[in-house]
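> Below are the sequence and a predicted model; questions follow.
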Number of protein chains: 4
Amino acid sequence: MIRATVWGENVHERTSKTVAEIYPKGMHACIAAALNEDEAIEASTATLQEPEHGLPQPRVDQTDVLLWWGHAAHGDVSDQVVDRVADAVWGGMGLIVLHSAHFSKIFKKLMGAPCNLTWREAGERERLWVTSPQHPIARGLPKCIELEHEEMYGEPFGVPEPLETVFVSWFQGGEVFRSGLTYRRGAGSIFYFRPGHEAYPTYYDENVRKVLVNAVKWAANPEKRNAHVHDAPNIDIKDAPESIEARGPKLHAEGEEGFR
Amino acid sequence: MIRATVWGENVHERTSKTVAEIYPKGMHACIAAALNEDEAIEASTATLQEPEHGLPQPRVDQTDVLLWWGHAAHGDVSDQVVDRVADAVWGGMGLIVLHSAHFSKIFKKLMGAPCNLTWREAGERERLWVTSPQHPIARGLPKCIELEHEEMYGEPFGVPEPLETVFVSWFQGGEVFRSGLTYRRGAGSIFYFRPGHEAYPTYYDENVRKVLVNAVKWAANPEKRNAHVHDAPNIDIKDAPESIEARGPKLHAEGEEGFR
Amino acid sequence: MIRATVWGENVHERTSKTVAEIYPKGMHACIAAALNEDEAIEASTATLQEPEHGLPQPRVDQTDVLLWWGHAAHGDVSDQVVDRVADAVWGGMGLIVLHSAHFSKIFKKLMGAPCNLTWREAGERERLWVTSPQHPIARGLPKCIELEHEEMYGEPFGVPEPLETVFVSWFQGGEVFRSGLTYRRGAGSIFYFRPGHEAYPTYYDENVRKVLVNAVKWAANPEKRNAHVHDAPNIDIKDAPESIEARGPKLHAEGEEGFR
Amino acid sequence: MIRATVWGENVHERTSKTVAEIYPKGMHACIAAALNEDEAIEASTATLQEPEHGLPQPRVDQTDVLLWWGHAAHGDVSDQVVDRVADAVWGGMGLIVLHSAHFSKIFKKLMGAPCNLTWREAGERERLWVTSPQHPIARGLPKCIELEHEEMYGEPFGVPEPLETVFVSWFQGGEVFRSGLTYRRGAGSIFYFRPGHEAYPTYYDENVRKVLVNAVKWAANPEKRNAHVHDAPNIDIKDAPESIEARGPKLHAEGEEGFR
């Protein structure tokens, strides 16, 4: 059983009538419900407003894949929680970054890049074309996913070259966007997935829900979480795989820790 | 003329007799001298101890390629300067990260990864094999660079998959390391180059100096620096490349800025 | 159950007393036995000497992952069988390329590169370091695999940049080699794994066997094989996702097939 | 001075009135003229109909960057010439593959993939968005290149993941395509560029011409061509970088060549 945690910012669901009508229990609840339709996944939710944003260390430790949706309150997420999540990803936790979370602290931290783009909120048509057919994330999908109303995101998308491009979007207004990108950071697999503007019912779309399920399965790492992601062990000379003797000058005293 | 700035931490040169004897004017000065042997490069230096670490905004603006050597004082580098350098890289400045700067704030920020490794200071023999012959950074080199005394760095190296692997190191004690890795972040080209422990005269080695010159030339971006690396422009509906009309609900009021 | 087929050239096992003593039933049989120790894999063998090299179309159709070991007789493999295997890989069959098969027709065809290297047969020590810990192919391995006697392969290895580098080898004689590389070609996952010189008992090593099992599991694609890997369908104007009308001059008559 | 050779199939220019009117001297001549507008490039042409398709060995030897346009006669190109071109690319010659040459023998050989796609000839609007701003190939371009009439190519494009994606296309009929992709094969840089259907005046477009000039400069390798791209040298035991002695059984007699 893959343990998925859906993190939702949960702001517009409470402040915008439009959003509340579409997602009365919050977007995170809708996404978690989509995941729980699959027997291999057990999804729960966490939100910004909970203590430690619902992500205290034990919760992160018990999460195989974290999904992250945020938009209006990126700056309210504490750096401590961001660092905790980053450590977990480096140690093997999967991370699915959704839509406007391109500007979340955690995504920018893991990408090492501005993650910016162009945008337009016009309710226009989007079509996500599968560019890597038979990629596990594209399993069971048609050749393209059509969404009648979505926000536009346009290139250039300020991210590093991905491991693989899974989707590229076409927009009615004339732009394109690389909408499904995979990355590896340490032992953690990361997937950015573009659609999901809160003003439209995108997370009720059957194909979008299929992508979320597929992505969670793809990102889940069955290996034990690496708890020492920052270790830089000194290999003692007598433990060198080949027998060697120390030569030349030395900076470090015997047994001294390295600088960081 | 490529304007290179060699940033040196300049700590061990002043506190360790060993290092001071090898690099009496500082490692940064030795590296800058190596670069200045090439007619196409104009190299100067900056150090931790100067105001703003020698990297005020105008200096960064006038740097085409920044070289970074640090070891004992990564934590003393101000976050403001790190952010300034990151912005410059995303905007097109080249960055060469040297040896123990794998743990520098700037490298970790740009990689989105822990950048850790194993290490041993035994003055052992290192041999850097060229894995991408005819890569611009390997220009004019023999099949491998042999260094009689170096610190060992061992895999796993906690960095993302590179764009290209240019060197892989063999160590006398039995380990290996991916010693020359290229990355692109925004418009900036980044090269990590492993050798250069301060207790050995590595930066006097002819082949190492050739790599530094090649890397500076490779990383220099002749395009105008992009000064707006974080912009996420809203494309007005009337400016859409294809004529469209707004449909469906809206979250943003007309002309409103996006959330960040 | 993953259906693995181990293809062996089966030449030196019959012509060299040295090899026959180590692998009395053939290297392919030893490798298949290693795979069959895992309950999720069902491995059988095929050899050069069988009709169609043991790889008629139905056999390929029923193979989830093909392992390929060849050395002395690359040129004896028929182009028809090579094309059949390539089509299967593009359609989703996994392929594990072993040791001297770096020069096999099928690997060179799928890489689009010479796949050359340097080599020395001295029975020297090899140490394969894991560079991507927690990669599925490295599951359950120690930090490095030590083989007391192996043939040396040295860089530069004439292959494209891989998707991910999983192992890098250290050799006693002073060289290094990227020994575990992953690729994707179409829907097929490809893994090159270096060790396995026929004059040494490498395929009896427990860690090497673990890699083979892991690699087969990693390369197996549960999706239905794509049987139309060369199709380039014409999308009729009336089937365009957006309503458009033909404009301007035309080269192709209505309903005409594309050129190839 | 970069020596560019524009190879044109030169079939439709002679058989189709439509094409002949747009490109009276042939598409290759139009492309060469675009390149010759830049002072750093000296471009000439070669066609299918010439002896050895205009690409005898000395001509290839004196070509820094080869541009390839073909459509109706891929099968008429001799395998010998294809092998010669592939060897040159591996040795350092740049290669720019244009439009329908996605199905050329040389591109399929270098990609190790089917290189297929979907298509529609409707004279529809194409917009190529720059996804890697400040990439040398995108130098001096606006945010997108708009072509009023082009053939549609749609995803999935059956090629390996590129080194970098430089352009992604939007089509009026609703599809998208990765239209500018870079690859490295051996010492050769390869760029695939989508537009250029012979029924439209694409190669007269100022921005398209700029891309061609930029791509030639990007692909030119100033290093001496490697003439031994298939070599796999045996390193004699006495020439090993570290002193070792032969141990264990041997397959190869002293000084024997390796198998291929």
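Yes, it's here.

> burial of A:Ala40, as a residue count?
11 (other Cβ atoms under 10 Å in any protein chain shown). Backbone N, C-alpha and C define where each C-beta goes, glycine included.

> residue contacts, it?
A:1-2, A:217 (Cβ atoms under 8 Å, 6 or more residues apart in numbering or on different chains).

> Could you rerun that using 10 Å?
Counting by Cβ atoms under 10 Å, 6 or more residues apart in numbering or on different chains, A:Ala40 makes contact with A:1-2, A:213, A:216-217, A:220.

> can you tell me which of those are in strands?
If you go by DSSP state E, these have A:Ile2 in strands.

> Can you pick out the most distant pair from the contacts of A:Ala40?
A:Met1 and A:Val213 (13.6 Å; Cβ to Cβ).

> Identify the contacts common to the two.
With Cβ under 10 Å, 6+ apart, A:Met1 and A:Val213 have common neighbours A:40-41.

> Show me which of the two is the more surrounded one.
Using other Cβ under 10 Å, the more surrounded residue of A:Met1 and A:Val213 is A:Val213, with 22 against 9.

> For the more buried one, which non-adjacent residue is closest in space?
A:Asp38 (4.7 Å; Cβ to Cβ, 6 or more residues apart in numbering or on different chains).

> quick one: secondary structure of that neighbour?
coil (DSSP: H, G, I helix; E, B strand; the rest coil).

> Just the strands from the stretch 51-200 of chain A, written as ranges.
A:65-69, A:94-98, A:118-130, A:144-154, A:164-171, A:176-185, A:188-193 (DSSP state E, counting those that start in this stretch).

> between the first one and strand A:94-98, how many degrees?
Angle of strand A:65-69 versus strand A:94-98, following axes from the mean of the first three to the mean of the last three Cα atoms, to 10 degrees, is 20 degrees.

> And the last one, by the same measure?
Taking the same axes, to 10 degrees, one finds strand A:188-193 and strand A:94-98 inclined to each other by 20 degrees.

> Over to the fourth one?
On the basis of the same axes, to 10 degrees, strand A:144-154 is oriented at 70 degrees to strand A:94-98.

> Contacts only, for A:Tyr183.
A:Tyr183 sits next to A:89, A:95, A:97, A:107, A:110-111, A:159-164, A:189-192, B:112, B:160-161 when contact means Cβ under 10 Å, 6+ apart.

> so what's it bridging to?
In this structure, A:Tyr183 bridges to A:Ile190 when assessed by DSSP bridges.

> Distance-wise, check it relative to B:Glu161.
Distance of A:Tyr183 to B:Glu161, computed by Cβ to Cβ, to the nearest Å: 9 Å.

> Repeat that for A:His149.
A:His149 is 37 Å from B:Glu161, by Cβ to Cβ.

> Same drill for those two, tell me which one is more crowded.
B:Glu161 (21 against 18).

> who in chain A is up against chain C?
Within chain A, the positions adjacent to chain C are A:91-92, A:125, A:127, A:129, A:132-136, A:138-140, A:143-144, A:146, A:163-164, A:170, A:172, A:184, A:186-188, A:221-226, A:241-242 by Cβ under 10 Å from any Cβ of the partner chain.

> List the contacts of the closest residue to A:Thr131 other than its chain neighbours.
In space, and not counting its chain neighbours, A:Thr131 is closest to D:Glu155: 4.7 Å by Cβ to Cβ, 6+ apart. The contact partners of D:Glu155, by Cβ under 10 Å, 6+ apart, come to A:129-133, A:143-144, A:165, A:167-168, A:170, D:117-118, D:168-169, D:175-178.

> Show me which of the residues you listed are buried.
Neighbour-count burial (16 or more other Cβ atoms under 10 Å in any protein chain shown) applied to the contacts of D:Glu155 gives A:129-133, A:144, A:165, A:167-168, A:170, D:117-118, D:168-169, D:175-178.

> and chain A, which of its residues are near chain D?
So chain A meets chain D at A:118, A:125, A:127-134, A:138, A:143-144, A:146, A:154-159, A:161-165, A:167-179, A:242 (Cβ under 10 Å from any Cβ).

> quick revisit: just checking, the residue nearest to A:Val213 touches A:Ala32?
No. A:Asp38 is beyond contact range of A:Ala32, at 11.4 Å (criterion: Cβ atoms under 10 Å).

> Mutual contacts of these two, please.
Counting by Cβ under 10 Å, 6+ apart, the residues touching both A:Asp38 and A:Ala32 are A:4, A:212.

> Mind checking which of these two has more residues around it?
A:Ala32 (23 against 18).

> quick one: terminal-to-terminal distance for stretch A:187-200?
34 Å (Cα to Cα, to the nearest Å).

> ok now it, how far from the chain's centre?
6 Å (Cα atoms, centre = their mean, to the nearest Å).

> One more: stretch A:202-211?
Relative to its parent chain, stretch A:202-211 has a centroid offset of 17 Å by Cα atoms, centre = their mean.

> Buried residues in it, which are they?
In stretch A:202-211, counting by 16+ other Cβ under 10 Å, buried: A:202-203, A:205, A:207-211.

> Adding secondary structure, write those residues out as a markdown table.
A markdown table is the format used below for the buried residues of stretch A:202-211 (three-state DSSP):
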| residue | secondary structure |
| --- | --- |
| A:Thr202 | helix |
| A:Tyr203 | helix |
| A:Asp205 | coil |
| A:Asn207 | helix |
| A:Val208 | helix |
| A:Arg209 | helix |
| A:Lys210 | helix |
| A:Val211 | helix |
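
> Now flag whichever of these is closest to chain C.
Chain C has its nearest neighbour among the buried residues of stretch A:202-211 in A:Lys210, at 13.7 Å by Cβ to the nearest Cβ.

> Quick one: residues contacting the closest one.
So A:Lys210 contacts A:34, A:37-38, A:137-142, A:145 (Cβ under 10 Å, 6+ apart).

> Right, I'll call it a day here.
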